[in-house]
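*Asks:* model the following, please.
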Amino acid sequence: MKQIIKTSNAPAPIGPYNQAVMAGNFLFVSGQIAINPESGELNLVNIEEETHQVMRNLKAVLLEAGLGFEHVVKTTIFLSDMGTFAQVNEIYGQYFTENFPARETVQVSVLPKNVNVEISVIAVKG
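*Replies:* Numbers count the residues shown, from 1 in each chain. Got it, this is the predicted structure:
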């Protein structure tokens, strides 16, 4: 059985997908980019602020499902430039402080709306 998770505290999907889907005890959160959900505008001030916005968006979706970063078991980080890895990793580490999830980070040629970072997560309830 799957349950669709939606919140107005994170950006609305920009295509035919959902913010997240709960399947059993697993929550699959779609990749988030730095769209400010209040304004609908991209937050691309710098890579640090962009990453914070992505993490705030992820947090909002997790909270809607009754979960938090401590429930995340897997993350995938997509970067448009691996040269920003250190800055993104530093911000990411402010949200995951112990019992870190599994993760991969990859550089891609282009991300939606030409952003610099996109992150998706998988969390488990219970």
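*Asks:* excluding chain neighbours, what is closest to Ala23?
*Replies:* Distance criterion CB to CB, 6 or more residues apart in numbering; nearest residue to Ala23, sequence neighbours excluded, is Lys2 at 4.8 Å. To be clear about C-beta, it is placed using only N, CA and C from the backbone, and glycine gets the same treatment.
*Asks:* burial count for that neighbour?
*Replies:* Here the count is done by other CB atoms under 10 Å, and Lys2 has 11 residues near it.
*Asks:* right, and it touches Val21 too?
*Replies:* Yes - with contact defined as CB atoms under 8 Å, Lys2 reaches Val21; the gap is 5.3 Å.
*Asks:* what segments of this protein are helices?
*Replies:* Ranges of helices within the chain are 47-64, 85-92, based on DSSP state H.
*Asks:* of these, which is nearest Thr75?
*Replies:* Shortest distance between Thr75 and the helices of the chain, using CB to CB, is found for helix 85-92: 7.9 Å.
*Asks:* pLDDT of the closest one, averaged?
*Replies:* Confidence over helix 85-92, taken as the mean pLDDT, stands at 98.
*Asks:* list the buried residues in stretch 76-95.
*Replies:* Ile77, Phe78, Leu79, Ser80, Thr84, Phe85, Gln87, Val88, Ile91, Tyr92, Tyr95 (16 or more other CB atoms under 10 Å).
*Asks:* could you export the residues you listed as JSON lines, including distance to Ala10?
*Replies:* Shown next, in JSON lines, are the buried residues of stretch 76-95 (distance: CB to CB, whole Å):
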{"residue": "Ile77", "distance to Ala10": "17"}
{"residue": "Phe78", "distance to Ala10": "17"}
{"residue": "Leu79", "distance to Ala10": "20"}
{"residue": "Ser80", "distance to Ala10": "21"}
{"residue": "Thr84", "distance to Ala10": "22"}
{"residue": "Phe85", "distance to Ala10": "24"}
{"residue": "Gln87", "distance to Ala10": "22"}
{"residue": "Val88", "distance to Ala10": "19"}
{"residue": "Ile91", "distance to Ala10": "17"}
{"residue": "Tyr92", "distance to Ala10": "17"}
{"residue": "Tyr95", "distance to Ala10": "15"}
